[in-house]
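> Dropping a prediction and its sequence here:
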Amino acid sequence: MKGMINSDFTADYETDVLVVGYGGAGAVAATTARDAGAKVTIIEKRERGGGATRLSSGGIFVGKDEDFSGYLDKISQHHTPKELLDLYSMKDKTLVEDMEAFGMKISFWKGNSQEVSVSYPPLGRPSWPKVRGGNLIRVHATDPDEKPIPQDEWDKMSNNERVWANGRVYGVHFWNQLQAICESRDIDIQYNVRAKELIQDENGEVLGLIAEKDGKKTVYRAKRAVILCTGGYASNRQMMEQHNYGYAAYLGTNDFADGDGQIMLQKAGARMWHMNTVCGQIAFKAPDVDQAFQVRAVDEAFVWVDKFGRRYQDETKVVLHNAWRQASLFDPDNNFEDGREWPRIPTYMIFDESMRKKAPISRDWRPDDHYHWSLDNSEEIKRGWIIKADSLKELAEKIAADPGVLEDTIEEFNLACERGSDEFGRDPKTMKKIENGPYYAMPWVPCLISTSGGAEHDVRSRVIDYDGRPIPRLYAVGEVSTAVGWLYEAGWGHSEQFIFGRIAGKNAADEPSR
């Protein structure tokens, strides 16, 4: 399905390179195109930019292994052309230097600073340690106003306070830097403009775009190229039901990720890939808070149980971005009664008073500072978010589990702590008896952070059609077209949007002007 055919159409706005979407990918692509001499216009459907970049942890991965391309190939299930992954791997090795040359300030994660206490799921890197060749280093954008905590103050802080102090993210700082760099150029940025359809001629060449601006149809002509950076489709219910399942919450706000770009790309004849690739975790969803909370076990005295009160895995070996899969088991043998066909949604973390006091189970991890988790989890107990009981029997009744099953589960775990081994092979160093009442249960659910599937692109970031040919003058960057998938690697989004944002911006600017 092609858009308008007549190349002499009347446009409300004309530019060389039209960038659709003002998140991290759009900022990098637009800045690069402008620096290459093109007139650039950005359209953003919301009242501000940032998108998923602003909501992220801000981590950026840099591949150290010589066969890093092979690692990406494995987690992509061999679905991405090797030449593209080789290019990605090569440019990722110099990513820090390239970002600094771009004008960004980058810092390295300092040792194990995020893990001042026990933390399960662990934040270990890479995300897939069983896939060989994934040796990474982790960096993040620097907050220019950040000041290190003086050692004498650090020494006076409790463990709870230290955990809270280190539980922060850098997505806001990443976005603030990109935004400042982009807006230092002469770039026309238009907000509250929703892209609707690409304009193509009879040969499929992209000429511009139809949008809705202030409730009115608005036409943009792109004399050189259009770059789509519209993000994912997490808030598009129909697309989510078609490509993914099992999600009970969102870790962040995805109202901007409605799949507009994917829909436009399919209408333009693009070949799609990685549509089932997502960034997910396991989280706590409070009934009165829109965004879910990233959560951790902060002591060894804990287990995870399903709705029936049974353990189902070694809780300490769950990879951060795979926990949602483990919890998303669908079991039709449970007769579709009372949601028990999803026996692990929710998964309950069972723990005792020793963990409750040790550290905050959530360290917030959100760009908008609208809720502060209490240091000893007491406020969340008062709110009913953490379920409290004086006995395991009472706790089981409160979570609608079988009291006998839950009591047997904890008894067996405590015996395993004495033996030094359990049925799942959990490391005895990570096991401590759950015996210091009162007892607690906290419901955790699979949560979605973002989707990553969209149009296939080549090494020049050109969108590929169903016949395997580039669609003339159409480029895509970021979550609307990510190169890596099936599995999500933490920090890959920022490295990819920077690498291919620069490639797309330069190549779009180099297109001959119509």
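Perfect, thanks for sending it. Numbers count the residues shown, from 1 in each chain.

> that's a strand at Glu337, yeah?
No: counting by DSSP: H, G, I helix; E, B strand; the rest coil, Glu337 is located in no strand; its state is coil.

> List the residues that contact it.
Counting by CB atoms under 8 Å, 6 or more residues apart in numbering, Glu337 touches no other residue. For glycine as for every other residue, the C-beta is placed from the backbone atoms N, C-alpha and C.

> Show the pLDDT at it.
We have a pLDDT of 76 for Glu337.

> quick one: it and Lys307, what's the gap?
The gap separating Glu337 from Lys307 is 11 Å, by CB to CB, to the nearest Å.

> what does Gly437 give?
Distance from Gly437 to Lys307, by CB to CB: 23 Å.

> Which parts of the stretch 401-514 of the chain are helices?
Using DSSP state H, counting those that start in this stretch, the helices found in the stretch 401-514 of the chain span residues 403-419, 492-509.

> Can you list the buried residues in stretch 25-43?
Neighbour-count burial for stretch 25-43 flags 25-34, 36, 38-43 (criterion: 16 or more other CB atoms under 10 Å).

> bridging residues for Met349?
Beta-bridge partners recorded for Met349 (DSSP bridges): Trp304, Met442.

> How many neighbouring residues does it have?
For Met349, the count of nearby residues is 24 (other CB atoms under 10 Å).

> got the contact list for it?
Counted by CB under 8 Å, 6+ apart, Met349 has contacts 295, 297, 302-304, 441-442, 444.

> Kindly recompute the last result at 7 Å.
Counting by CB atoms under 7 Å, 6 or more residues apart in numbering, Met349 touches 297, 302, 304, 442, 444.

> Over to Arg340?
Contacts of Arg340 by CB under 7 Å, 6+ apart are 307, 334.

> three-state assignment of it?
coil.

> can you check Leu18 too?
Under three-state DSSP, Leu18 comes out as strand.

> Could you look up the SS state of the closest residue to it other than its chain neighbours?
Excluding the flanking residues, the one nearest Leu18 by CB to CB, 6 or more residues apart in numbering is Ala222, at 4.1 Å. Under the three-state scheme (three-state DSSP), Ala222 adopts strand.

> Just want to check the distance between Ala222 and Lys506.
Ala222 is 16 Å from Lys506, by CB to CB.

> domain assignment for this structure?
13-277+452-509, 281-448 (automatic domain parsing).

> Would you mind checking which of those scores lowest on average pLDDT?
domain 13-277+452-509 (a mean of 88).

> wait, is Arg356 part of a helix?
Yes: judged by three-state DSSP, Arg356 forms part of a helix.

> picking up where we left off before, tell me the most buried of the domains of the chain?
Mean neighbour count (mean count of other CB atoms under 10 Å) peaks for domain 13-277+452-509 among the domains of the chain, with a mean of 20.

> Contact partners for the closest residue to Gly339 other than its chain neighbours?
In this structure, Gly339 finds its nearest non-sequential neighbour in Ile345, 7.3 Å apart by CB to CB, 6+ apart. Going by CB under 7 Å, 6+ apart, Ile345 touches 246, 248, 327, 445-446.

> what secondary structure does Ile345 sit in?
coil.

> Could you measure from it over to Ala234?
18 Å.

> Pick out whichever of the contacts of Ile345 sits closest to Gly491.
Pro446 (20.9 Å; CB to CB).

> so the closest one makes contact with Tyr245?
No: when contacts are counted by CB atoms under 7 Å, Pro446 is not listed as touching Tyr245 (9.5 Å).

> one step back: which of the buried residues of stretch 25-43 fall within strands?
40-43 (DSSP state E).

> any chance of those in CSV, with distance to Ile60 too?
Output for those, formatted as CSV (distance: CB to CB, whole Å):
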residue, distance to Ile60
Val40, 24
Thr41, 28
Ile42, 22
Ile43, 26
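
> Most widely separated two among those residues?
Farthest pair in these, by CB to CB: Val40 and Ile43, 10.9 Å.

> Spell out, range by range, the strands that occur in the stretch 101-250 of the chain.
106-108, 136-141, 188-191, 193-200, 206-213, 216-228, 249-250 (DSSP state E, counting those that start in this stretch).

> okay, these in JSON lines with distance to Glu100 next?
What follows is the strands of the stretch 101-250 of the chain, written out as JSON lines (distance: least, CB to CB, whole Å):
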{"stretch": "strand 106-108", "distance to Glu100": "6"}
{"stretch": "strand 136-141", "distance to Glu100": "10"}
{"stretch": "strand 188-191", "distance to Glu100": "24"}
{"stretch": "strand 193-200", "distance to Glu100": "32"}
{"stretch": "strand 206-213", "distance to Glu100": "33"}
{"stretch": "strand 216-228", "distance to Glu100": "24"}
{"stretch": "strand 249-250", "distance to Glu100": "33"}
